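Undergrad: Need a 3D model of the following:
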Amino acid sequence: MTKVEVVFIPSPGLGHLTSTLEFAKLLINRDNRLSITVLVIKFPNTGETLKTISSSFDSENLHVINLPDCAHVSSTSDVGNSVNTLIETQKSNVKEVVSNITAKGKLAVFVVDMFCTTMIDVANEFGVPSLVYFTSSVAFLGLILHLHTLLEDNAEALRLSLKQDELNIPCFANPVPTNTLPTVVIRKEWESSFFNYGGGLKKANGIIVNSFHELEPHAINSFLEDPSLRGLPVYPVGPVLNLDTKPKETVDSDNIIKWLDDQPPSSVVFLCFGSVGAFDKDQVREIACAIEKCGTRFLWSLRKPPPKGTMGPASDYPLSDLTAVLPEGFLDRTAEIGKVIGWAPQVQVLAHPATGGFVSHCGWNSTLESIHYGVPIATWPLFADQQTNALELVSELKMGVEIALDYRMEYDVGRDYLLTADKIERGIRNVLDKNGEVRMKVKDISEQSRKTSLQGGSSYTYLGGLIDYIVNQV
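TA: Below you'll find the predicted structure:
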């Protein structure tokens, strides 16, 4: 049987690559007519982890090719420009690999990451359609496309509307406060980047979204009702998650899980802010003060920020630095009820029955993981799509409690305000409420998230429609 060939191009970065590989695995497990090649783009000198992860997915119908390093592209503090430059320089390498694929089989489509839409140009050269793999919510997708249309139609009118307190956006049932819009929309110096980004998404023949109908019914239906979006097929096929709960081979991971084993069910609040989420000393002290006032059990992933003015991953504190950044005596006073850690085995922690609430930056992968395990979220967004996700969780889905919705942590200017201990304390108490409506709603959607990919579920049906579309291209 001649295979139907599909080319995937994830953007550089661990989160996007692992989600792409999980989705590719989902496709080939569903239909053995498909053969997928994933082309891995990596920043110079950051490839070993990506290689290790990618090689574990390589199989008969799923091939991973690491594209050559582009030595003249550096990973700078301006991540957006670095990624764009890197992707542009990889076009010739992509063409070469795809030419070899077309010589062996029938190329059907390109599936490009939400930040790799410039690769649609290469797909066009091969005469095949392109689909975007969008690793955020349907609501965020609809918001970006709607605001992009306003920008195209009348840039000045959009700028004026951004000065209002709130906007009506079709993919949200309730008005959207302008202070929760993504920074790329709010800051005028990023207007051209936003224009290019939204325009790139609109060049696609369809968009695959890591979400599911039961979670975002209003946002998904808005695509059918909005005349400007009706012609763009959306495939919500999620949740696409890597739920590997096997402990990472570290002593810390073992200690964390053993500590959780000793705690009562749903009693621990887990504070974790993603791979780049880290705070300055003043903000750390407000969190510590809130935790002490609550007196609740806690597991806090406290990370060290990169040097000021740069954007990069957070790192773990040496113990000597940890005691300096926390209030004096904090670790001793809370030793009986809590644990301050560095890197956290997040999936394992969320899966553990002792975990009762999650103080989160609201990255979309983290949000889906928390929903999957039925753990309510207290929202503390930092950047990118996180303010939009936080707003959706609290005001649209009623599945999160608010610590903040508009907090921002920009690499060039730092945080925009100090979140006080009383607000953090209130959020922690609310997220641990055992009888709260939010907990009930999360438990209900958790059950639905586990069923939606099974036969008869909405994601199963959307995935079938997507596969039909791909196969019909050859």
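Undergrad: could you point out where the stretch 101-250 of the chain is predicted with low confidence?
TA: 245-250 (pLDDT under 70).
Undergrad: go again using 90 as the cut-off
TA: 103-105, 187-190, 224, 226-231, 242-250 (pLDDT under 90).
Undergrad: For it, which segments are assigned as strands?
TA: Along the stretch 101-250 of the chain, counting by DSSP state E, counting those that start in this stretch, strands occupy 106-113, 130-134, 166-167, 176-177, 206-209, 234-236.
Undergrad: And the stretch 301-450 of the chain, by the same measure?
TA: 303-304, 315-316, 338-341, 355-360, 377-379, 400-402, 409-410, 414-415.
Undergrad: coming back round to it: quick one, which of the strands of the stretch 101-250 of the chain gets closest to residue 404.
TA: strand 176-177 (12.0 Å; CB to CB). Quick note: C-beta positions are derived from backbone N, CA and C, even for glycine.
Undergrad: Contacts for that closest one, please.
TA: 143, 165-169, 391, 405-406 (CB atoms under 8 Å, 6 or more residues apart in numbering).
Undergrad: now swap in stretch 414-424 and tell me
TA: 279-280, 282-283, 286-287, 289-290, 293, 308, 359, 380, 403-404, 407-410.
Undergrad: cool, and stretch 154-166?
TA: 147, 150-151, 167, 175-178, 181, 185-186, 188, 191.
Undergrad: rerun that using 10 Å as the cut-off
TA: 147-152, 167-168, 172, 174-181, 185-186, 188, 191, 195 (CB atoms under 10 Å, 6 or more residues apart in numbering).
Undergrad: So which of these are in helices?
TA: Residues of those located in helices (DSSP state H): 147-152, 185-186, 191, 195.
Undergrad: In PyMOL, how would I select just the buried ones from those?
TA: Those of the ones in helices among the contacts of stretch 154-166 that count as buried under 16 or more other CB atoms under 10 Å are selected in PyMOL with:
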select buried, resi 147+148+149+150+151+185+186+191
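Undergrad: Verify the stated contact: residue 118 with residue 124.
TA: No - Residue 118 is beyond contact range of residue 124, at 11.1 Å (criterion: CB atoms under 10 Å).
Undergrad: got the contact list for the closest residue to residue 67 other than its chain neighbours?
TA: The shortest distance from residue 67 to any non-neighbouring residue, by CB to CB, 6 or more residues apart in numbering, is to residue 93 (4.8 Å). Taking CB under 10 Å, 6+ apart, we find residue 93 in contact with 39, 41, 65, 67-68, 70.
Undergrad: now these in CSV, with neighbour count, distance to residue 135 and secondary structure?
TA: Below are those laid out as CSV (neighbours: other CB atoms under 10 Å; distance: CB to CB, whole Å; DSSP: H, G, I helix; E, B strand; the rest coil):
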residue, neighbour count, distance to residue 135, secondary structure
39, 23, 17, strand
41, 28, 15, coil
65, 16, 21, strand
67, 18, 20, coil
68, 11, 25, coil
70, 18, 23, coil
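Undergrad: just to revisit the earlier point, can you redo the strands of the stretch 101-250 of the chain as CSV with mean neighbour count and distance to residue 449?
TA: CSV is the format used below for those (neighbours: other CB atoms under 10 Å; distance: least, CB to CB, whole Å):
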stretch, mean neighbour count, distance to residue 449
strand 106-113, 24, 23
strand 130-134, 24, 18
strand 166-167, 16, 29
strand 176-177, 20, 25
strand 206-209, 24, 14
strand 234-236, 24, 12
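Undergrad: right, and these - which one's nearest residue 252?
TA: Of all these, strand 106-113 comes closest under CB to CB, at 31.2 Å.
Undergrad: now residue 294: how far from residue 451?
TA: To residue 451, residue 294 is 35 Å away according to CB to CB, to the nearest Å.
Undergrad: What is the nearest of the contacts of strand 176-177 to residue 7?
TA: Using CB to CB, those come closest to residue 7 at residue 143, 28.6 Å.
Undergrad: How many neighbouring residues does the closest one have?
TA: 27 (other CB atoms under 10 Å).
Undergrad: looking at it, it is touching residue 392, isn't it?
TA: Yes - using CB under 10 Å, residue 143 is in contact with residue 392, at 9.4 Å.
Undergrad: how about residue 145, what does it touch?
TA: Per CB under 10 Å, 6+ apart, neighbours of residue 145: 169-171, 198, 201-202, 207, 223, 226, 228-229, 232.
Undergrad: how about 7 Å then?
TA: 198, 201-202, 229 (CB atoms under 7 Å, 6 or more residues apart in numbering).
Undergrad: CSV for those residues, including distance to residue 343 and neighbour count?
TA: Shown next, in CSV, are the contacts of residue 145 (distance: CB to CB, whole Å; neighbours: other CB atoms under 10 Å):
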residue, distance to residue 343, neighbour count
198, 35, 21
201, 33, 18
202, 38, 18
229, 40, 20
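Undergrad: Next, check these against the helices and list the overlap.
TA: 198, 201-202.
Undergrad: In TSV, list those along with distance to residue 97.
TA: Shown next, in TSV, are the ones in helices among the contacts of residue 145 (distance: CB to CB, whole Å):
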residue	distance to residue 97
198	28
201	24
202	26
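Undergrad: Find the nearest non-adjacent residue to the residue positioned nearest the centre of the chain, please.
TA: By CA atoms, centre = their mean, the mean C-alpha position of the chain lies nearest to residue 364, the distance being 3.5 Å. Spatial nearest neighbour of residue 364, excluding adjacent residues (CB to CB, 6+ apart): residue 136 at 4.6 Å.
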